[in-house]
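1. Sharing a sequence plus its predicted fold:
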Amino acid sequence: MVWMWIFPVLFVGGLLLFLGIIARGMGSFRCGMRESDEKKGPPGETPKEILDRRYARGEITREQYLGMRKDLE
């Protein structure tokens with residue numbers, strides 16, 4: 001008798017878990033691109049251009065920018 005309650009609960013739980021994983025995976029796509037691809041920038045972008053863009057967005061401080069720029073030279 002207990003098995004008649006356990007299997008449906010496990011089935012519904014597994015189905016919800018599966019749908020949650022699918023929904024989470026699809027949320028990272030934007031117009032056919034993953035969010036990580038968007039952060040890489042355009043193809044052929046030089047390291048200095050990437051550094052300039054990160055500084056312009058405010059992702060790094062002035063000190064970090066100057067240190068990294070010195071490392072690139």
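-> Okay, I see it. Residues are numbered from 1 along each chain as shown.
2. Buried residues in the one helix or strand G67 maps to, which are they?
-> Per DSSP states H and E: G67 is located in helix 62-72. Using 16 or more other Cβ atoms under 10 Å as the test for burial, helix 62-72 gives 65, 68. Using the backbone N, CA and C atoms, a C-beta is placed for each residue, glycine as well.
3. Send me the helix or strand hosting I6 as PDB with only the CA atoms.
-> In this assignment (DSSP H and E), I6 forms part of helix 3-26. The C-alpha coordinates for helix 3-26 follow below in PDB (Å, rounded to 0.1, in the frame of the first residue of the first chain):
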ATOM      1  CA  TRP A   3       4.400   1.700  -2.600                       C
ATOM      2  CA  MET A   4       1.300   3.100  -4.300                       C
ATOM      3  CA  TRP A   5       2.100   6.500  -2.700                       C
ATOM      4  CA  ILE A   6       5.900   6.500  -3.100                       C
ATOM      5  CA  PHE A   7       6.200   5.900  -6.800                       C
ATOM      6  CA  PRO A   8       3.900   8.700  -8.000                       C
ATOM      7  CA  VAL A   9       5.600  11.100  -5.600                       C
ATOM      8  CA  LEU A  10       9.000  10.100  -6.900                       C
ATOM      9  CA  PHE A  11       7.800  10.400 -10.500                       C
ATOM     10  CA  VAL A  12       6.400  13.900 -10.100                       C
ATOM     11  CA  GLY A  13       9.500  15.000  -8.100                       C
ATOM     12  CA  GLY A  14      11.800  13.600 -10.900                       C
ATOM     13  CA  LEU A  15       9.700  15.300 -13.600                       C
ATOM     14  CA  LEU A  16       9.900  18.700 -11.700                       C
ATOM     15  CA  LEU A  17      13.600  18.300 -11.300                       C
ATOM     16  CA  PHE A  18      14.000  17.500 -15.000                       C
ATOM     17  CA  LEU A  19      11.900  20.500 -16.000                       C
ATOM     18  CA  GLY A  20      13.900  22.800 -13.700                       C
ATOM     19  CA  ILE A  21      17.200  21.700 -15.200                       C
ATOM     20  CA  ILE A  22      15.900  22.300 -18.700                       C
ATOM     21  CA  ALA A  23      14.500  25.800 -17.800                       C
ATOM     22  CA  ARG A  24      17.800  26.800 -16.100                       C
ATOM     23  CA  GLY A  25      19.800  25.700 -19.100                       C
ATOM     24  CA  MET A  26      17.600  27.600 -21.600                       C
END
